[in-house]
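[1] Turn this into a structure:
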Amino acid sequence: SMERETKALRDDVNSLKRENKALKWSLNRLASKVQEGWKYPVAILPDEYWQSKGYEDEAIDGLHVGFLEELKTAVSELEHGVCDSITVGHANCDDKDLVPHWNALFRSFEHINPYSGVVL
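    Numbers count the residues shown, from 1 in each chain. Reported below is the predicted structural model:
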């Protein structure tokens, strides 16, 4: 009957959802192990460098926490195929020394998982 077929289809969907959840969990575990040995491809300049260019400590902290850390996370997740979204804070400076960091992010776009739903 139609009710039996509908129930069977719902059971199949629920089974696939559980399997999908388990696979995502496994993928994230594997990716985290791979990411442990990963190195960000751009040198992070020391605070003294930014101070010598006239940046205040608060701006330097914002640069590290709100921009560079988020950028590193995005690059890593993209390169490891586990990126759901990209969030990068405002750098609060328009400095040519940040160009290599932007380039690292742009290069990592080629690693976007085509099945992830991430859209540029």
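[2] Let's check: the centremost residue of the protein is which one?
    In the chain, the C-alpha closest to the average C-alpha coordinate belongs to Ala74, at a distance of 2.9 Å (CA atoms, centre = their mean).
[3] who touches it in this structure?
    Residues in contact with Ala74 (CB atoms under 8 Å, 6 or more residues apart in numbering) are Cys83, Ile86, Thr87, Val88, Leu105, Ser108. Backbone N, C-alpha and C define where each C-beta goes, glycine included.
[4] what about the strands in this structure?
    Secondary structure of the chain (DSSP state E): no strands located.
[5] Have a look at it and report its longest helix.
    helix 2-36 (DSSP state H).
[6] neighbours around Val99, how many?
    10 (other CB atoms under 10 Å).
[7] Flag every buried residue along stretch 46-61.
    The neighbour-count check on stretch 46-61 (16 or more other CB atoms under 10 Å) flags Trp50, Tyr55, Ile60 as buried.
[8] For Thr6, see how far away Asp84 is.
    According to CB to CB, to the nearest Å, Asp84 and Thr6 sit 32 Å apart.
[9] Check which residues of the longest helix of the chain are buried.
    Ala31.
[10] How far does stretch 18-31 sit from its chain's centre?
    Centre-to-centre, stretch 18-31 and its host chain are 17 Å apart (CA atoms, centre = their mean, to the nearest Å).
[11] List the contacts of that stretch.
    His80, Gly81, Val82.
[12] repeat for stretch 81-98
    27-28, 31, 45, 49, 53, 55, 59, 62-63, 65-67, 70-71, 74, 77-78, 105, 111-113, 116-118.
[13] Next, the distance between the ends of it.
    Terminal residues of stretch 81-98 lie 24 Å apart, using CA to CA, to the nearest Å.
[14] Alright, that wraps it up for me.
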